[in-house]
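A.B. asks: Build me a structure from this.
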Amino acid sequence: MGLWDEDESDFEPQVEYVNNYLEDPNKGIELISKLLSYDKKYNFKRKNIKKLDYLLDRKLLETSAKINIKNELELYEKLITLSDKLYEQNKMQLLEDRSVIGIGGKFSAGKSKFINALLNSDILPEDQTPTTSIATYIVRESSEDVRAYTYNDQDIPLDMQAAQALTHAFYKKYGLGFSQFINNLVINVPDFPYANVALLDTPGYSKSDSGMKRSVSDAEKAYTQLKTVDFLIWLVDIENGVIQQPDIDFIRSLKTKNPILIVFNKADKKTNSAIENILQASREILENTGLNIYAVIAYSALEAREYCGTNKLTSFMVDADKATNRNEDIEKQINDIIWTISNELVSEKRKMIERRNKIGNIIFRSEDVMEIQTLVKLYSEVIGSIEEIENCTRAFETTQKGIRNLLTSIRRE
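C.D. replies: Okay, here's the model as predicted:
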């Protein structure tokens with residue numbers, strides 16, 4: 001992998017790795033300044049993405065609030081997920097043609113070390129705490145490269161030493177945790193074997209000795225990142241025994257569509273019989289959860305190997321790399337939801353018109369004054385409902401046109 005490869009010759013002296021950003025305060029300040037810089041050219045696109053996010057998350061279904069839409073909650077959740085995916089893809093266009101595999105789990109489950117083992121590299125810093133951990137994408141590109149995507153949507157190129165400096169060591173020396181203003185890192189790895197996959201390393205969703213406020217923040221970060229992934233690998237520290245209910249609850253909240261791979265990491269710390277018992281007990285627990293599980297395996301990131309004679313991790317990666325739905329068009333899904341809501345509005349108006357006409361016909365045929373008075377009142381209520389639907393339709397048309405215009409504008413930028 002270049003910077004961190006060991007020399008092939010056993011006779012070469014080992015040179016201690018020195019990170020200039022940690023050793024030289026001037027370089028450290030230079031890195032801070034670079035990441036905190038602001039370029040106005042990003043501002044227009046950022047505003048458009050935020051407008052689009054608002055229209056999708058809030059306004060689209062709000063315009064049809066006066067009618068009962070089938071599966072409204074499901075549509076709402078899907079819109080939020082699509083909005084988040086669109087946001088990520090517009091920041092990082094390299095994700096558009098790839099299946100994103102999220103690596104999740106509790107803090108200290110060994111996610112970064114696990115990914116380093118997959119890459120046969122130490123490219124991800126493993127000295128992380130909730131203060132310094134940053135969600136990081138790993139993709140295959142022709143040249144080794146790192147980019148930081150800040151919370152104000154700037155795209156900052158970094159060298160590998162700078163990326164390696166974004167650890168607790170930097171926080172300890174300079175008192176600054178980069179997770180406060182870096183949303184994601186993207187690392188290009190030429191040797192990554194899966195061209196159609198992006199790995200996502202996320203912060204741990206909990207830490208046993210952290211305060212409640214910190215734990216909630218970590219959970220929110222992990223949830224926000226993982227709810228948009230296409231595939232999920234969930235890591236469990238095998239030293240903690242069988243899979244626990246908090247893990248199950250968190251996985252369930254993500255509503256991942258594709259089968260989930262459960263990996264019990266650090267298997268080198270258990271005997272084979274203990275591993276088998278933990279895996280079997282966890283499989284039995286997971287059978288009753290309703291989760292779509294691909295497999296439950298044991299793995300050692302230290303040894304970079306799967307235990308118990310299975311090779312499910314490789315087959316999972318290959319399946320994700322070949323996934324036919326990885327190019328699923330987000331805009332098409334948004335348009336499908338718009339079409340669904342539009343049809344509901346048309347259908348509801350048609351029903352109200354039919355009801356109005358039916359009541360009108362009864363009024364003209366009726367000779368009972370009391371009945372006519374009641375029917376006229378109902379007729380007026382139906383007319384009011386039709387007007388409400390027409391107002392909803394106008395608001396909906398304005399909103400959906402705004403969405404389409406913003407999508408077109410963002411594509412051109």
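A.B. asks: When you work out contacts or count neighbours from here on, use the C-alpha atoms and nothing else.
C.D. replies: OK.
A.B. asks: Tell me how many other residues surround Ser179.
C.D. replies: 19 (other Cα atoms under 10 Å).
A.B. asks: Hmm, I typed the wrong one, I wanted Lys173.
C.D. replies: Tallying neighbours of Lys173 according to other Cα under 10 Å, which is how burial is gauged here, yields 12.
A.B. asks: Just give the nearest non-adjacent residue to it, would you?
C.D. replies: Spatially, and ignoring its direct neighbours in sequence, Lys173 is nearest to Leu22 (7.6 Å; Cα to Cα, 6 or more residues apart in numbering).
A.B. asks: Would you confirm that the one you found contacts Ala169?
C.D. replies: Yes. In this structure Leu22 lies within contact range of Ala169 using Cα atoms under 8 Å: 7.5 Å.
A.B. asks: So between these two, which is more surrounded?
C.D. replies: In this comparison of Leu22 against Ala169, neighbours counted by other Cα under 10 Å, the higher total goes to Leu22 at 22 against 17.
A.B. asks: Let me know the helix or strand that that one is in.
C.D. replies: Following DSSP states H and E, one finds Leu22 within helix 20-23.
A.B. asks: Show me what counts as buried in that helix.
C.D. replies: Taking 16 or more other Cα atoms under 10 Å as the neighbour-count basis, helix 20-23 is seen to contain the buried residues Tyr21, Leu22.
A.B. asks: For the following helix or strand past it, name the packing helices and strands.
C.D. replies: Sequence-wise, the next helix or strand beyond helix 20-23 is helix 25-36, with elements assigned using DSSP H and E. Counting by 3 or more Cα pairs under 8 Å, 6 or more residues apart in numbering; DSSP states H and E, the packing neighbours recorded for helix 25-36 are helix 20-23.
A.B. asks: mean confidence score for the helix it packs on?
C.D. replies: Helix 20-23 shows a mean pLDDT of 88.
A.B. asks: Likewise for stretch 221-231?
C.D. replies: Looking at stretch 221-231 alone, the average pLDDT works out to 84.
A.B. asks: mind checking how far that stretch is from the chain centre?
C.D. replies: Taking Cα atoms, centre = their mean, to the nearest Å, the mean C-alpha location of stretch 221-231 is offset from the chain mean by 3 Å.
A.B. asks: how long is it end to end?
C.D. replies: 18 Å (Cα to Cα, to the nearest Å).
A.B. asks: returning to that earlier point: to the chain's geometric centre, what's the distance from the helix holding Leu22?
C.D. replies: Using Cα atoms, centre = their mean, the mean C-alpha position of helix 20-23 is found 32 Å from that of the whole chain.
A.B. asks: Identify all contacting residues around it.
C.D. replies: Counting by Cα atoms under 8 Å, 6 or more residues apart in numbering, the neighbours of helix 20-23 from elsewhere in the structure are Lys27, Gly28, Leu31, Gln161, Ala162, Ala165, Ala169, Phe170, Lys173.
A.B. asks: residues in contact with Lys113?
C.D. replies: Each residue near Lys113 by Cα under 8 Å, 6+ apart is listed here: Asp122, Leu124, Glu126, Ala301, Leu302.
A.B. asks: which element is it on?
C.D. replies: Taking DSSP H and E as the definition, one finds Lys113 inside helix 111-119.
A.B. asks: tell me the SS of Gly102?
C.D. replies: Look at Gly102: counting by DSSP: H, G, I helix; E, B strand; the rest coil, its state is strand.
A.B. asks: what domains does the record give for this protein?
C.D. replies: 45-88+329-412, 98-322 (automatic domain parsing).
A.B. asks: Tell me the helix or strand right after the helix holding Lys113.
C.D. replies: Reading on from helix 111-119 to the C-terminus, the next helix or strand found by DSSP H and E is strand 136-139.
A.B. asks: how distant is that next one from the center of its chain?
C.D. replies: Averaging C-alpha coordinates over strand 136-139 and over its chain gives two centres that are 13 Å apart (Cα atoms, centre = their mean).
A.B. asks: Could you give me the buried positions within that strand?
C.D. replies: Residues Thr136, Tyr137, Ile138, Val139 are the ones in strand 136-139 that count as buried (16+ other Cα under 10 Å).
A.B. asks: Ok, stretch 70-84 next?
C.D. replies: Counting neighbours by 16+ other Cα under 10 Å, one finds that the buried residues in stretch 70-84 are Leu75, Tyr76, Lys78, Leu79, Ile80, Thr81, Leu82, Ser83, Asp84.
A.B. asks: Now tell me what touches the helix or strand hosting the fourth one from outside.
C.D. replies: In this structure, Leu79 is located in helix 72-91 according to DSSP H and E. By Cα under 8 Å, 6+ apart, the surrounding residues in contact with helix 72-91 are 49, 52-53, 56-57, 61, 95-96, 149, 153, 227-228, 330, 333-334, 337, 410.
A.B. asks: what do you get if the cut-off is 7 Å, keeping everything else the same?
C.D. replies: Helix 72-91 is touched from outside by Ile49, Asp53, Leu56, Asp57, Leu95, Glu96, Asp153, Lys227, Thr228, Ile330, with contacts defined as Cα atoms under 7 Å, 6 or more residues apart in numbering.
A.B. asks: Nothing else from me, thank you.
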